[in-house]
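A.B. asks: whatever this is, show me its structure:
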Amino acid sequence: MIRTRVEICGIDTSNLPLLSNEVMRETFIRLQNGDESAREELVIGNLRLVLSLVQRFTYRGEQADDLFQVGCIGLLKSIDNFDLKHNVRFSTYAVPMIIGEIKRHLRDHHAIRVSRSLRDIAYKAIRAKEQFVNEHQKEPKISDLAEVTGIPEDDILFALDAIQDPMSLHEPMNGEGGDPVYIMDQLQDTRVSEERWLTYVSVKDTVSKMTDRQQLILSKRFYLGQTQTEIAKELGISQAQISRLEKNAIQIVRENMEKK
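C.D. replies: Presented below is the predicted three-dimensional model:
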């Protein structure tokens, strides 16, 4: 299999190893028995996981190297806190922690200023969520976070919403058959209707049949907003001629529309 060489933070990602679940478990046992070299093996063996998660945030405008380093911090935290007694795959445990670390980094560098009090509430809720996931191995409800933090549900929702990053219209969503679907593809422009589109096509077809001079005059008058006097001066003809040519062009459009 041919691997594409991609360097990030000075690391050739094409040479990164991929540990099987069995090897991963054996390495964690070594680590928990005091073998510190096992920690490095676990880090290197899961850098591909970090890289795959970083790619989800490339549209945010952050440097990939920076996000990769932040993701590695989340990976280290996952390795240090993972317990084999949970009987879950390490990736299942690590993914939310790595993503959480990246999101915290993005929030701390948020372009939109949010009040300190809102940030404090949001961070308390996020920490409570991470603790809840670690203890119960499931996502908490807002009511669970309110119970743990002692903060009203409405305040938690408002604070979490306030620190969210603006979403790019070019953010990729899941698509069928491997083809990306972007947010902008899912938005409806209420200003556009079938009637308006057909009118545009009809007018465009009519204008394309006019003389070059008629098209130029219509463009300068109704697109560039120039006066007849300005156009006459540019073309070296009288304002009366411009007025006549403009009226003829408009009449052609009207007659064509009436035929439709």
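A.B. asks: measure residue 251 to residue 236 for me?
C.D. replies: 24 Å (C-beta to C-beta, to the nearest Å). Yep, even glycine has a C-beta here, placed from its N, CA and C like the rest.
A.B. asks: who's more crowded, those two?
C.D. replies: residue 251 (10 against 6; other C-beta atoms under 10 Å).
A.B. asks: show me the contact partners of the helix or strand where that one lies.
C.D. replies: Using DSSP states H and E, residue 251 sits within helix 239-259. Outside helix 239-259, the residues that touch it by C-beta atoms under 8 Å, 6 or more residues apart in numbering are 199, 202-203, 206-207, 209-210, 213-215, 217-218, 221, 228-229, 231-232, 235.
A.B. asks: rerun that using 7 Å as the cut-off
C.D. replies: 202-203, 206, 210, 213-214, 217-218, 221, 228-229, 231-232 (C-beta atoms under 7 Å, 6 or more residues apart in numbering).
A.B. asks: quick one: the helices in the stretch 51-200 of the chain, in order.
C.D. replies: In the stretch 51-200 of the chain, helices defined by DSSP state H, counting those that start in this stretch lie at 64-81, 90-108, 116-136, 142-149, 153-162, 194-208, listed in chain order.
A.B. asks: so which of these comes closest to residue 22?
C.D. replies: helix 90-108 (11.9 Å; C-beta to C-beta).
A.B. asks: picking up where we left off before, quick one: buried ones out of the contacts of helix 239-259?
C.D. replies: 206, 210, 214, 217-218, 221, 228, 231-232 (16 or more other C-beta atoms under 10 Å).
A.B. asks: before we move on, back to that, filter the contacts of helix 239-259 down to just the ones in strands.
C.D. replies: Assignment to strands by DSSP state E places none of the contacts of helix 239-259 there.
A.B. asks: now the residues you listed as CSV including pLDDT?
C.D. replies: Formatted as CSV, these follow (pLDDT from 0 to 100):
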residue, pLDDT
202, 61
203, 65
206, 73
210, 80
213, 84
214, 83
217, 85
218, 80
221, 79
228, 85
229, 86
231, 86
232, 86
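A.B. asks: and the two most separated of the residues you listed?
C.D. replies: Checking these with C-beta to C-beta, the most distant pair is 202 and 229, at 30.7 Å.
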